[in-house]
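**Student:** Following is a predicted model, sequence given first.
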Amino acid sequence: MERVDKDVREIGALLADETAQRILIETTTEPMSADELSDACDVSPQTVYRRLEDLKEHDMITEDVRIDDGGHHYKVYTATVDRVVVELTPEGFTLDLSLRERMTTRFTRFVDEVRDR
């Protein structure tokens, strides 16, 4: 998904943020809760939630709901970004985000394609 102008600046600033970087790195291999991310990033939960909102706004992270052994619901987050490419063109900078597709999205699309045949 290609982004231009304002998005390039916003995403660039977000990716320059150490907490956002840590969140993406930590959630690349397995989903994590905000509390787990707070511990892993050594920042307050409020800071984690702010960065998660920024990352979700740019589709760089997804959230799912998990249920613990006691039946309580909580959210976990997974990075979706695989690659970021910034290109300089005569018109300015463009930014291309390569996003991983969630397994549930792929499955839903597969079922829809089979059903439509």
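**Tutor:** Nice, thanks for sending it over.
**Student:** wait, what's in contact with residue 78?
**Tutor:** 27, 30, 31, 61, 62, 63, 64, 102 (C-beta atoms under 8 Å, 6 or more residues apart in numbering). The C-beta positions use only the backbone N, C-alpha and C, and glycine is treated the same way.
**Student:** if I look at the residue nearest to the spatial centre of the chain, how far off is residue 90?
**Tutor:** Residue closest to the average C-alpha location in the chain (C-alpha atoms, centre = their mean): residue 61, at 1.5 Å. Noted for residue 61: a distance of 33 Å to residue 90, by C-beta to C-beta, to the nearest Å.
**Student:** before we move on, what about residue 35?
**Tutor:** Per C-beta to C-beta, residue 35 is found 47 Å from residue 90.
**Student:** ok, those two, which is more surrounded?
**Tutor:** With neighbours defined as other C-beta atoms under 10 Å, residue 35 and residue 90 compare such that residue 35 has more, 11 against 4.
**Student:** which residues does the more buried one contact?
**Tutor:** So residue 35 contacts residue 45 (C-beta under 8 Å, 6+ apart).
**Student:** what's the neighbour count on the closest residue to residue 41 other than its chain neighbours?
**Tutor:** Leaving out its chain neighbours, the residue that sits closest to residue 41 by C-beta to C-beta, 6 or more residues apart in numbering is residue 22, at 4.3 Å. The number of residues packed near residue 22 is 17, by other C-beta under 10 Å.
**Student:** wait, what's in contact with residue 22?
**Tutor:** Contacts of residue 22 (C-beta under 8 Å, 6+ apart): 37, 40, 41.
**Student:** and it, what element?
**Tutor:** For residue 22, the element it lies in under DSSP states H and E is helix 18-26.
**Student:** Run the angle between the helix or strand just after that helix and helix 18-26 for me.
**Tutor:** Proceeding N to C from helix 18-26, the next assigned helix or strand is helix 34-41, under DSSP H and E. Computed by axes from the mean of the first three to the mean of the last three C-alpha atoms, to 10 degrees, the angle separating helix 34-41 from helix 18-26 equals 110 degrees.
**Student:** Could you tell me the angle between the helix or strand following helix 34-41 and helix 34-41?
**Tutor:** Next along the chain after helix 34-41, taking DSSP H and E as the criterion, comes helix 45-57. Put simply, helix 45-57 runs at 100 degrees to helix 34-41, going by the same axes, to 10 degrees.
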